[in-house]
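> I'll drop the sequence and a predicted model, then ask my questions.
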Amino acid sequence: MDSKEHWKTKYEESEKKLNTLKDLANAGVTDYESLLAKYNENYEIHQKVCTRLEDTEKKLQQLQTVAEPAIEAFMQLKTRHEIEEECRRKAENYASQVYKENKQLKRQSALLLQHVDNSQLSIVELGNLTDKNETEDHVPDNRHLNILIEDLKDQLAKKDAEFRVIDNERSHLYQQLRAMSNERDQLKQSEDTLKKTLDHVSSLSKKAAKQYEELEERYLRETELKEEIAKRSVHLKAERDSIVRQSAHILLEASKDEQLQKALFENDNLILRLEELKQQKEKEISELMEKLDKSRERKEINDLKMVIETCEQENNLLRKDLKSLETNCVSLENEKDQCIKEINYLKKLVQASQSHNKALRKESTSSLNEIHIIDSPDTNITINNHTDNQADTLQKLVTSIQTYFREIEVYFSTSNKNPDKIIAELFENQKQSLTKLENELKAEESKKKESEKHLDKLQKEIIQLEKDLEVANQRLKSNIPIPPLPPPPPIAIFKPLVDIIKGNKSKKSLKTNEPESKLHMNDAINEMMERIRSGKTLKKVTRRMKRSKSLPSNNLKPQSSNNEILRNKRGNLIKLDAIDEQNNNDGDDNFSERNSTDL
């Protein structure tokens with residue numbers, strides 16, 4: 001049942017995820033379509049603006065081509081007009097002066113002709129004479145000239161106004177061109193951003209489509225698994241019904257037993273206690289989880305991780321030191337072995353020399369002959385008896401001994417000391433060197449032991465820290481399932497019942513074994529589980545049931561698959577649970593479900 005609910009919850013969660021992804025995909029598609037429409041509108045506006053820009057640029061180019069020669073011609077005309085005005089003024093002034101002089105001359109000549117006959121006129125009188133019609137003759141000419149001047153001024157003002165209008169239009173068009181270029185840049189930027197958003201939306205839509213396909217495949221798989229689980233549940237229900245019938249049949253036979261009823265009663269009590277303990281533990285776990293959520297153990301975990309890293313580094317360094325110490329110890333042990341061999345060899349030589357010391361004291365010549373015994377043919381015979389490899393080593397030893405004894409002879413001959421004292425000094429020196437080597441070896445061994453102890457301590461600390469880390473991580477994880485409780489103890493109570501079915505024990509043995517079953521519950525559970533796994537109890541029970549003809553033989557045929565064999569082997573447990581089902585319908589459901597999940 002738990003597995004069904006688990007798969008059901010998983011299926012519902014996957015359906016929710018699928019629906020959310022569908023909504024997201026639809027929203028993404030709608031956003032994509034709206035962005036496409038905006039993009040198309042902006043693209044059309046962009047094309048229109050580009051065409052307008054091109055037209056304005058063409059007009060500007062045409063205006064520039066037309067305006068430059070027009071301005072040059074205007075400037076030429078202006079300069080020419082100014083030159084002509086100056087020339088005209090000068091000519092008018094000069095003409096007016098000449099005209100006045102001519103008039104005066106005419107008047108004077110007319111007066112002279114009038115007064116020639118009368119008398120002589122003075123020059124002063126001629127200068128005072130004036131003509132009244134002098135100014136009246138120049139009036140129409142001046143009017144005509146003034147009209148011409150005014151017309152030319154009006155034309156000049158019109159030309160200036162036209163030039164200013166053209167210049168203003170040119171500046172306005174230039175400003176429009178700048179504004180259009182800025183709009184063009186902004187449109188390019190918006191186009192780039194829209195392209196980026198389009199790419200992003202397309203990638204998101206592809207991802208959403210992939211996720212949708214994956215979820216569809218997962219949905220199909222889960223539906224197939226659901227169908228398989230439903231088939232298996234139907235099969236398990238059928239098996240359970242058959243097992244319940246068998247257990248009911250067994251109960252009818254065993255209902256006369258008072259001790260069995262007592263055992264069943266105790267079983268019910270124990271199940272109730274188990275449920276109470278389970279509830280208490282669940283409450284404790286929930287309280288601990290709340291405390292863990294409130295506490296700040298993450299920092300402690302990080303500190304523990306840092307401590308573990310430092311300990312591992314120290315451990316590696318200590319291992320390297322240990323390896324170097326081991327190599328040193330091996331080399332020192334080899335040296336020690338060589339020294340021991342040399343000492344043993346020297347001891348033998350000293351013993352030989354001590355045996356010959358007495359003779360040396362009496363006769364020095366005889367001692368020399370005795371020392372040269374090594375050169376005798378007896379030694380050569382012994383050497384020849386050895387193998388070729390040993391002969392070389394022995395020959396080297398003999399030569400070294402000969403040189404050693406020769407040095408001793410020279411020393412004895414030069415010094416006045418007693419040879420026993422000299423040998424004793426040599427032995428003492430050798431002993432001192434050996435003691436030094438032994439002390440060094442002991443010190444290194446002690447260092448090695450200390451390092452090993454330190455390593456063991458560090459390893460223990462590391463193991464403890466790892467355990468603490470695992471515990472802390474498990475506490476931090478909120479979705480950790482509650483650890484399963486140990487198997488229920490009522491199975492141990494049925495051990496005497498199985499023995500009765502086998503025919504091994506009497507009713508008295510049940511009374512004696514009741515306290516033992518309570519005290520040694522775990523041992524009984526383990527034994528029962530081992531027997532069930534081995535299949536011995538099931539075979540014996542089925543034989544007993546076939547003899548009593550309480551069970552049909554067709555129900556317990558050997559199965560082919562491993563899973564069905566396991567079911568038959570665990571059938572004893574399920575039968576015993578079925579017995580509890582009839583007596584206590586509320587307490588037995590959880591236990592049978594647990595056994596079905598174990599299968």
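Good, I have the coordinates. All values reported here derive from a predicted model rather than from experimental measurement.

> State the mean pLDDT of the helix or strand containing Q313.
Assigned by DSSP states H and E, Q313 belongs to helix 298-362. Across helix 298-362, the average pLDDT comes to 72.

> and what of stretch 9-19?
Mean predicted lDDT for stretch 9-19 stands at 81.

> buried sites along that stretch?
The neighbour-count check on stretch 9-19 (16 or more other CB atoms under 10 Å) flags L18 as buried. Bear in mind the C-beta positions are built from the backbone N, C-alpha and C, glycine included.

> which other residues reach that stretch?
Stretch 9-19 has contacts (CB atoms under 8 Å, 6 or more residues apart in numbering) with 212, 215-216, 218-219, 222, 226.

> 6 Å instead?
215, 222 (CB atoms under 6 Å, 6 or more residues apart in numbering).

> CA atoms only for it, dumped as CSV, please.
Extracted in CSV, the C-alpha atoms of stretch 9-19 (Å, rounded to 0.1, in the frame of the first residue of the first chain):
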residue,chain,number,x,y,z
THR,A,9,2.2,10.7,-5.4
LYS,A,10,5.0,10.5,-7.9
TYR,A,11,2.5,10.2,-10.8
GLU,A,12,0.6,13.3,-9.5
GLU,A,13,3.8,15.3,-9.1
SER,A,14,4.8,14.4,-12.7
GLU,A,15,1.3,15.4,-13.9
LYS,A,16,1.6,18.7,-12.1
LYS,A,17,5.0,19.3,-13.6
LEU,A,18,3.7,18.3,-17.1
ASN,A,19,0.8,20.8,-16.8
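
> How many neighbouring residues does R52 have?
13 (other CB atoms under 10 Å).

> Not counting residues beside it along the chain, what's closest to it?
M180 (7.1 Å; CB to CB, 6 or more residues apart in numbering).

> what about that neighbour, distance to E470?
As judged by CB to CB, to the nearest Å, M180 and E470 stand 71 Å apart.

> neighbour count winner among those two?
M180 (17 against 10).

> so what secondary structure elements neighbour whichever strand or helix holds that one?
M180 is part of helix 134-254 when elements are defined by DSSP H and E. In this structure, helix 134-254 packs against helix 2-114, helix 571-583, with contacts taken as 3 or more CB pairs under 6 Å, 6 or more residues apart in numbering; DSSP states H and E.

> Distance to K196 added to those, as TSV?
As requested, these are exported to TSV (distance: least, CB to CB, whole Å):
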stretch	distance to K196
helix 2-114	11
helix 571-583	65
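
> Please identify the most buried of those helices.
Neighbour counts (mean count of other CB atoms under 10 Å) averaged over each of the helices and strands packed on helix 134-254 peak at helix 571-583, with a mean of 21.

> Now do it, average pLDDT.
41.

> Same check on stretch 63-70?
Here the average pLDDT along stretch 63-70 is 77.

> in this protein, which helix or strand is least confident?
helix 562-569 (a mean of 38; mean pLDDT, DSSP states H and E).

> where's E290 relative to V471, distance?
Distance from E290 to V471, by CB to CB: 16 Å.

> Could you do C329 as well?
From C329 to V471 the distance is 40 Å (CB to CB).

> Quick check on those two: which one has the bigger neighbour count.
Taking other CB under 10 Å, C329 and V471 do not tie; C329 has more neighbours (17 against 13).

> Next up, the contacts around that one.
E444 are the contacts of C329 under CB under 6 Å, 6+ apart.

> give me that answer again for 7 Å
With contacts defined as CB atoms under 7 Å, 6 or more residues apart in numbering, the neighbours of C329 are 444-445, 448.

> Pick the one among the residues you listed closest to Q175.
The closest of those to Q175 turns out to be K448 (CB to CB; 94.2 Å).

> In three-state terms, label that closest one for me.
Put simply, K448 is helix when judged by DSSP: H, G, I helix; E, B strand; the rest coil.

> Does it touch K323 like I think?
No: contact criterion CB atoms under 7 Å: K448 and K323 do not qualify, at 10.6 Å.

> So those two - more neighbours on which side?
K448 (16 against 10).

> Setting aside sequence neighbours, what's the nearest residue to that one?
Per CB to CB, 6+ apart, closest to K448 is L325, 5.3 Å.

> what's the burial count for that neighbour?
Count around L325 with other CB under 10 Å applied: 17.

> for S190, same thing?
14.

> same check, this time on K348
10.

> again, but for I271
20.

> Quick check: it vs K278, distance?
10 Å.

> Residues in contact with stretch 220-237: which ones?
So stretch 220-237 is contacted by 4, 7, 11, 14, 596 (CB under 7 Å, 6+ apart).

> Dump those to CSV, plus distance to R319.
Formatted as CSV, the contacts of stretch 220-237 follow (distance: CB to CB, whole Å):
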residue, distance to R319
K4, 53
W7, 49
Y11, 52
S14, 50
S596, 51
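
> can you tell me which two in the residues you listed are farthest apart?
S14 and S596, at 24.8 Å, using CB to CB across the contacts of stretch 220-237.

> can I see the domain layout of this structure?
Domain segmentation of the chain under automatic domain parsing yields 33-202, 259-271+488-598, 303-460.

> Least confident of the ones you listed, on average?
domain 259-271+488-598 (a mean of 47).

> still on that earlier bit, so the residue nearest to K448 makes contact with S446?
No: assessed by CB under 7 Å, L325 is found out of contact with S446, at 10.5 Å.
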